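In: Provided below are the primary sequence and the corresponding predicted coordinates.
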Amino acid sequence: MSEVFTFLETLKARNQERVAEPTWIAARRQAGAARFEAMGFPTRRDEEWKYTDVRAISEGNFTLAKDAEFSQAGAAALTLPIDAHRLTFVDGVFSAPLSDLDGLPQGVHVLPLSQALHDNHEAVGGPLGRLTGVEFSPFAALNTAFMEEGAVVRIAPGTVVEKPILLQFLSRANAEPTMCHPRVLVEAAGRCEATLIEHYTGEDEAQNFTNVVGEYMLDRGAILNHYKLQEAPLGDYHVASMHVEQNRDSRYSSYNLNLGGALVRNDLISDLNGKGAEANFLGLFFGQGRQHVDNHTKVNHNAPLTFSNENYKGILGDRAHGVFNGKVFVKRDSQKIEGFQSNQNLLLSDRARIDAKPELEIYADDVKCSHGTTTGQLDEEAVYALRTRGIDEATARALLTLAFAGEVLEEVTLDAISERVELAVAGKLPERFNLTGLVETATALNE
């Protein structure tokens with residue numbers, strides 16, 4: 001347990017630096033630390049982590065950032081070119097100069113967690129930790145122990161937020177690796193509608209650890225489109241625990257796009273608690289080199305007349321390793337639900353590997369559910385067919401790979417995000433080609 005001790009010693013030192021804070025915050029930190037100490041880091045003997053080895057994290061010597069210094073030019077090069085209300089964090093520390101919250105509409109509050117706790121900690125204390133407590137995982141407990149910064153988003157009833165809300169997390173190439181434990185809390189009131197973007201990126205040489213917990217609460221009729229674009233540096237470690245609560249007639253759409261990171265683990269859970277609630281999970285993970293990307297998803301149909309649809313695609317090259325574990329759970333008496341799940345994987349190398357496990361657990365009889373997974377390689381006949389049209393082999397393979405991802409990318413309505421994904425997956429394609437037409441051709445040939 002020496003690895004746990006190292007993290008707890010860092011926590012102890014940080015606690016000694018803190019100014020006075022509300023009793024309930026200190027109590028939650030203590031609960032998180034105690035739970036983390038009791039559980040320790042997960043190992044491959046744990047069923048939920050059998051394909052993911054986190055020793056690179058547990059044996060790391062991570063410090064906590066003291067400042068949020070980052071050049072405007074460097075941040076601009078990494079920031080998504082999109083008109084958005086922006087909140088920026090550097091190694092987990094809030095950066096006011098790199099944020100832009102001007103023009104927020106009435107009824108929309110976006111602020112760093114530290115400010116929310118300072119201004120009205122009692123209003124934050126109720127929802128914070130209600131969905132993802134210290135029992136969820138050792139990483140959630142660790143996040144709670146270090147919890148001090150992150151983002152709080154509150155949207156009033158009936159409010160339509162025209163511009164996306166962008167939470168930007170930048171990772172620096174520090175002399176010593178750092179860690180941060182951001183908390184994201186979103187409260188979407190009845191009949192409101194918004195688009196939320198979480199963007200994780202950073203300097204190429206960074207080797208930091210981000211451990212984020214997100215809680216997203218949708219009241220009756222609320223609509224939340226949630227983009228998570230994870231293109232962290234290839235030396236970073238990224239763990240995310242995301243829990244969604246959906247009340248009647250709400251609609252949550254997740255676009256979970258993973259391009260970066262040395263070791264990545266995403267846990268995404270949605271509780272459909274009211275009739276008419278709908279969850280859409282769209283995911284794409286792209287791995288190269290020795291990247292490891294693990295996606296665990298779960299949809300809990302806790303009420304009748306609820307709907308879920310999940311489509312995750314993995315593209316793995318070199319010696320990359322992907323994991324997909326998706327589960328649809330139908331509670332007893334949750335009749336007339338629909339739950340669909342699909343996972344398809346494309347291996348670009350003989351050494352790339354995927355471990356996939358789709359699951360259904362159903363305790364009602366009037367349901368429509370399906371699940372399945374496939375794994376394959378590029379169709380060499382399709383590659384040849386494109387080459388006969390004057391396209392070189394590298395471009396042909398890039399187009400077919402992009403066509404494979406197309407089913408997910410078609411649903412991405414923000415061009416700045418889809419362009420980032422296309423560049424990562426297919427590289428810079430020659431401008432003389434009509435990309436749309438070629439992708440359609442490649443798709444037809446690959447069917």
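Out: Thanks, I have it.
In: what are the phi and psi angles of the most far-flung residue of the chain relative to its centre?
Out: Using Cα atoms, centre = their mean, the residue of the chain lying farthest from its centre is residue 388. It sits 39.8 Å away. In terms of degrees, to the nearest 10, the main-chain angles of residue 388 are phi -70, psi -10.
In: per-residue confidence for it?
Out: Looking at residue 388, its pLDDT stands at 89.
In: which residues sit in contact with it?
Out: Not one residue lies near residue 388 by Cβ atoms under 8 Å, 6 or more residues apart in numbering. The way it works is simple: take the backbone N, C-alpha and C, and place the C-beta from them, glycine included.
In: all strands of the stretch 151-300 of the chain, in order?
Out: If DSSP state E, counting those that start in this stretch is used as the criterion, the strands of the stretch 151-300 of the chain fall at 165-171, 178-180, 183-188, 193-202, 209-218, 223-230, 237-246, 251-258, 263-272, 278-287, 292-301.
In: helices of this structure, start to end?
Out: Taking DSSP state H as the criterion, the chain carries its helices at 2-17, 23-39, 55-58, 72-78, 113-125, 138-146, 380-387, 393-409, 415-426, 435-446.
In: deepest of the ones you listed, which one?
Out: Sort the helices of the chain by mean neighbour count, taking mean count of other Cβ atoms under 10 Å, and helix 138-146 sits at the top with a mean of 25.
In: mind giving me the packing neighbours of it?
Out: Other helices and strands packing on helix 138-146, by 3 or more Cβ pairs under 8 Å, 6 or more residues apart in numbering; DSSP states H and E, are helix 2-17, helix 23-39, strand 209-218, strand 237-246.
In: now do the last one against strand 251-258, angle only.
Out: On the basis of axes from the mean of the first three to the mean of the last three Cα atoms, to 10 degrees, strand 237-246 is oriented at 170 degrees to strand 251-258.
In: may I have the strands that pair with strand 237-246, each with its orientation?
Out: Taking DSSP bridges as the criterion, strand 237-246 forms sheet pairs with strand 209-218 (parallel), strand 263-272 (parallel).
In: any chance of CSV for those, columns distance to residue 63?
Out: Supplementary listing: the strands paired with strand 237-246 in CSV, determined by distance: least, Cβ to Cβ, whole Å:
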stretch, distance to residue 63
strand 209-218, 10
strand 263-272, 19
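In: tell me which of these sits nearest to residue 297.
Out: Nearest to residue 297 among the strands paired with strand 237-246 is strand 263-272; the distance by Cβ to Cβ comes to 4.7 Å.
In: and the closest residue to residue 92 other than its chain neighbours, how many residues sit next to it?
Out: If the residues on either side of it in the chain are set aside, residue 92 comes closest to residue 180, at 2.4 Å by Cβ to Cβ, 6 or more residues apart in numbering. Residue crowding around residue 180 was assessed by other Cβ atoms under 10 Å; the count is 24.
In: and the gap between residue 180 and residue 207?
Out: 13 Å (Cβ to Cβ, to the nearest Å).
In: same question for residue 373.
Out: Computed as Cβ to Cβ, the residue 373 to residue 207 distance reads 33 Å.
In: of these two, which one has the most company?
Out: A count of neighbours by other Cβ under 10 Å puts residue 207 above the other of residue 373 and residue 207, at 20 against 17.
In: hmm, that one is touching residue 234, no?
Out: No. Contact criterion Cβ atoms under 8 Å: residue 207 and residue 234 do not qualify, at 9.3 Å.
In: show me the shaky parts of this structure.
Out: Counting by pLDDT under 70, the chain contains low-confidence residues at 1, 428-447.
In: can you rerun that using 50?
Out: Of all residues in the chain, those with pLDDT under 50 make up the ranges 432.
In: wait, what's in contact with the most centrally placed residue in it?
Out: Using Cα atoms, centre = their mean, the residue of the chain that lies closest to the mean C-alpha position is residue 228, 4.6 Å off. Shown here is residue 228, whose contacts under the criterion Cβ under 8 Å, 6+ apart are 197, 198, 200, 240, 242, 254, 255, 256, 257, 266.
In: and it, what are its bridge partners?
Out: Taking DSSP bridges, one finds residue 198, residue 256 as the beta-bridge partners of residue 228.
In: for it, give its distance to residue 327.
Out: According to Cβ to Cβ, residue 228 and residue 327 sit 19 Å apart.
In: again, but for residue 64
Out: 35 Å.
In: likewise residue 90?
Out: Using Cβ to Cβ, we find residue 90 at a distance of 36 Å from residue 327.
In: these two: which is more packed in?
Out: Between residue 90 and residue 327, counted using other Cβ under 10 Å, the more crowded position is residue 90 (22 against 19).
In: can you pull the contacts of the nearest residue to that one once chain neighbours are set aside?
Out: Ranked by Cβ to Cβ, 6+ apart and with sequence neighbours excluded, the top spatial neighbour of residue 90 is residue 68, at 3.9 Å. Neighbour list for residue 68: 89, 90, 91, 93, 94, 95, 98 [criterion: Cβ under 8 Å, 6+ apart].
In: rerun at 10 Å
Out: Counting by Cβ atoms under 10 Å, 6 or more residues apart in numbering, residue 68 touches 88-99, 149, 170, 172.
In: got it, and residue 408?
Out: Taking Cβ under 10 Å, 6+ apart as the contact definition, residue 408 lies against 255, 256, 257, 282, 283, 284, 311, 312, 313, 344, 418, 421.
In: the third one is in contact with residue 418, isn't it?
Out: Right, the one you point to is residue 257. Yes. Under the criterion of Cβ atoms under 10 Å, residue 257 is in contact with residue 418, at a separation of 9.1 Å.
In: okay, and the common contacts of the two?
Out: With contacts defined as Cβ under 10 Å, 6+ apart, the residues adjacent to both residue 257 and residue 418 are 405, 408, 409, 412.
In: tell me the one of the residues you listed nearest residue 21?
Out: Nearest to residue 21, judged by Cβ to Cβ, of these is residue 412 at 40.1 Å.
In: what would the helices and strands packed on helix 138-146 look like in CSV with distance to residue 60?
Out: Rendered in CSV, the data for the helices and strands packed on helix 138-146 read as follows (distance: least, Cβ to Cβ, whole Å):
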stretch, distance to residue 60
helix 2-17, 9
helix 23-39, 15
strand 209-218, 6
strand 237-246, 7
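In: nearest to residue 350, of the ones you listed?
Out: Smallest distance to residue 350 across the helices and strands packed on helix 138-146 (Cβ to Cβ): 26.7 Å, for strand 237-246.
In: distance check, residue 134 against residue 32.
Out: Residue 134 is 5 Å from residue 32, by Cβ to Cβ.
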